[in-house]
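>>> Could you look at this predicted model? Sequence included:
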Amino acid sequence: MTRRSRRAAAGGFAAIELAAGVALLLLPVTLLVVALPTWADRQTVARLAARDATRVLTLRTVCDTATATDAVREAERAGGLATGSLDLAVDCAPGAALPRGGAVTVRVTVEIPALVVPALGAAGAWHWTATDVAPVDPYAAVP
């Protein structure tokens, strides 16, 4: 009789181990797998926005921050982000002529959610900055 009671008592541990395994191992890994594509997508959109803003500035040869902002907003829209998700910083004075042969640096910062739960939303976040540097055409006309 004692053998049966020991086996019966040990049989309940499988349910506890299964619940603990799911809660401590499977759930965090699943949440990480769900969050990774969001991180990569937001970083890619920030890189593309920085590249587009730099290209617009170097082609105009004037530090036109309004046009650069429009390029960033277009990248935001194309990437499926909410308006205002990307912050633009340019290393030139607005309206100033860019020096021929010089370089323009653009930084675009995006907020990346730390945890994304599909039905509930996002929690926590950090900021990531994409930087793009492009040369100004040395043979461009002076505006």
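Nice, thanks for sending it over. Numbers count the residues shown, from 1 in each chain.
>>> Give me the three-state assignment for the residue nearest the centre of the chain.
Centroid-nearest residue in the chain: Arg42, 2.8 Å away (criterion: C-alpha atoms, centre = their mean). For Arg42, the secondary-structure state derived from DSSP: H, G, I helix; E, B strand; the rest coil is helix.
>>> where in this structure is pLDDT low?
1-12, 118, 141-143 (pLDDT under 70).
>>> Show me the strands in the protein, by range?
86-90, 103-117, 121-135 (DSSP state E).
>>> could I get these as a markdown table with mean neighbour count?
Quick note: C-beta positions are derived from backbone N, CA and C, even for glycine. Shown next, in a markdown table, are those (neighbours: other C-beta atoms under 10 Å):
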| stretch | mean neighbour count |
| --- | --- |
| strand 86-90 | 18 |
| strand 103-117 | 18 |
| strand 121-135 | 13 |
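>>> got these as CSV, with distance to Ala50 columns?
Formatted as CSV, these follow (distance: least, C-beta to C-beta, whole Å):
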stretch, distance to Ala50
strand 86-90, 8
strand 103-117, 4
strand 121-135, 4
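>>> and Leu59, which of these is closest to it?
strand 121-135 (9.5 Å; C-beta to C-beta).
>>> Just the C-alphas of the closest one, formatted as PDB.
Only the C-alpha atoms of strand 121-135 are listed here, as PDB (Å, rounded to 0.1, in the frame of the first residue of the first chain):
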ATOM      1  CA  GLY A 121      -0.200  46.200 -27.500                       C
ATOM      2  CA  ALA A 122       3.400  47.200 -26.600                       C
ATOM      3  CA  ALA A 123       5.100  47.800 -23.300                       C
ATOM      4  CA  GLY A 124       8.400  49.600 -22.600                       C
ATOM      5  CA  ALA A 125      10.600  51.100 -25.200                       C
ATOM      6  CA  TRP A 126      14.100  52.300 -26.100                       C
ATOM      7  CA  HIS A 127      15.300  54.800 -28.800                       C
ATOM      8  CA  TRP A 128      17.500  53.800 -31.700                       C
ATOM      9  CA  THR A 129      19.200  56.300 -34.000                       C
ATOM     10  CA  ALA A 130      20.100  55.700 -37.700                       C
ATOM     11  CA  THR A 131      22.800  58.000 -39.100                       C
ATOM     12  CA  ASP A 132      23.500  58.700 -42.700                       C
ATOM     13  CA  VAL A 133      26.300  60.900 -44.200                       C
ATOM     14  CA  ALA A 134      26.400  61.900 -47.800                       C
ATOM     15  CA  PRO A 135      28.700  64.200 -49.800                       C
END
